[in-house]
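**Q** Below are the sequence and a predicted model for it; my questions follow.
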Amino acid sequence: MSLPKKVQLVEVGPRDGLQNEAQPVPTNVKIELIHRLQDAGLNSIQSTAFVSPKWVPQMADNAQVLAGITKKPGVSYPVLVPNRKGLDAAMAAGCDEIVVFGAATEAFSKKNTNCTIAEGVARFGEVCDEALKHGIKVRGDMSVCLGCPYEGEVSAAAVARLAREFDRIGCQQITICDTIGTGTAGKTRAAIEAVAKYIAIDRLAVHVHDTYGQAIANIYAALECGITIFDSSVAGLGGCPYAKGATGNVATEDVLYLLDGLGIDTGVDMKKLIAAGDYICGVLNRPTYSRAAKAIAAKMAA
């Protein structure tokens, strides 16, 4: 089976990676991190979220972050929006792409967004209409596609149903997310194949967590299915509040090491990427969670 020749990495560290940090991360640090990531060659960087500061205080400086970025041609800076109010704020701040989100299970939808799947889709239908009207790109992230902390196993059919709803309301790109990292290569393949019956493969992205150490295997399975868009987080930033002990997002450095080894073009420079990870880890006063970054650093030190 042939693998893609080129892949896009969507860097989620500045948003998904930092949003659960207990200690406040200064605005200038977030902006500097984004600058370092784009200088490393990443061309899609989730920069912030226009959510209530009451629920996600780390993202309270969303407008300042967007305003402070020296934007690079060819780079997009997607922002998460939970509702129409969030969209209006994001548009006022000059966003170019938004991310909406829903869950593949009713229990997770109610716990995470306090509404049913259908209510969430209806809410985001209005958001998508308004965004598309203003030429803003829309991505739809589907949570808990490979396992739910409340319902357990999730059927591929349930994932496909949500994907069709996201397609119906106008999401141009749709992401299959393994939110708690319980997925396996087989589950990953089954979910992708179910969704790809209705949505073109080049419109699908994959977002995996490494809780059970399966992230890289799941990404390889997705590559075999023809997926060319993958989320990852520099230095493996970002935990998972729904799974105790979860290691969170797969590290961008680890994904890049896999892709470089397969001869797949990403346009990302490993040395600059590791330096960006070292920068934010220095601010957070913690070691990187990336195995590749640790190994390369040890090799260089030796």
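**A** It's in. Numbers count the residues shown, from 1 in each chain.
**Q** Find me whatever residue is spatially closest to residue 32, sequence neighbours aside.
**A** residue 279 (7.1 Å; Cβ to Cβ, 6 or more residues apart in numbering). (Glycine included, C-beta is placed from N, CA and C.)
**Q** pLDDT wise, what is that neighbour at?
**A** Note on residue 279: pLDDT of 98.
**Q** just checking, it touches residue 36?
**A** Yes: Residue 279 is in contact with residue 36 according to Cβ atoms under 8 Å; the separation is 5.9 Å.
**Q** any idea how far residue 53 lies from residue 280?
**A** 21 Å (Cβ to Cβ, to the nearest Å).
**Q** nope, residue 85 is what I meant
**A** From residue 85 to residue 280 the distance is 29 Å (Cβ to Cβ).
**Q** which of those two has more neighbours?
**A** Using other Cβ atoms under 10 Å, the more surrounded residue of residue 85 and residue 280 is residue 280, with 24 against 13.
**Q** For the more buried one, give me its contacts.
**A** Contact analysis of residue 280 by Cβ atoms under 8 Å, 6 or more residues apart in numbering lists 13, 29, 33, 234, 235, 237.
**Q** How much space separates it from residue 286?
**A** 9 Å.
**Q** Kindly report the same for residue 98.
**A** Residue 98 is 30 Å from residue 286, by Cβ to Cβ.
**Q** Between those two, tell me which one has more neighbours.
**A** Shown here are residue 98 and residue 286; by other Cβ under 10 Å, residue 98 has more neighbours (26 against 12).
**Q** Is that one in contact with residue 137, as I believe?
**A** Yes: proximity of residue 98 to residue 137 meets the contact threshold set by Cβ under 8 Å, at 7.3 Å.
**Q** which residues are common contacts for the two?
**A** Contacts common to residue 98 and residue 137, judged by Cβ under 8 Å, 6+ apart, are 78, 131.
**Q** Could you give me the buried positions within the helix or strand of the chain with the lowest mean pLDDT?
**A** Lowest by mean pLDDT, DSSP states H and E among the helices and strands of the chain is helix 106-113, with a mean of 93. By neighbour count on 16 or more other Cβ atoms under 10 Å, the buried set for helix 106-113 is 106, 108, 109, 110, 112, 113.
**Q** Can I get the residues you listed in CSV including distance to residue 44?
**A** Listed next are the buried residues of helix 106-113 as CSV, based on distance: Cβ to Cβ, whole Å:
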residue, distance to residue 44
106, 31
108, 25
109, 26
110, 30
112, 24
113, 24
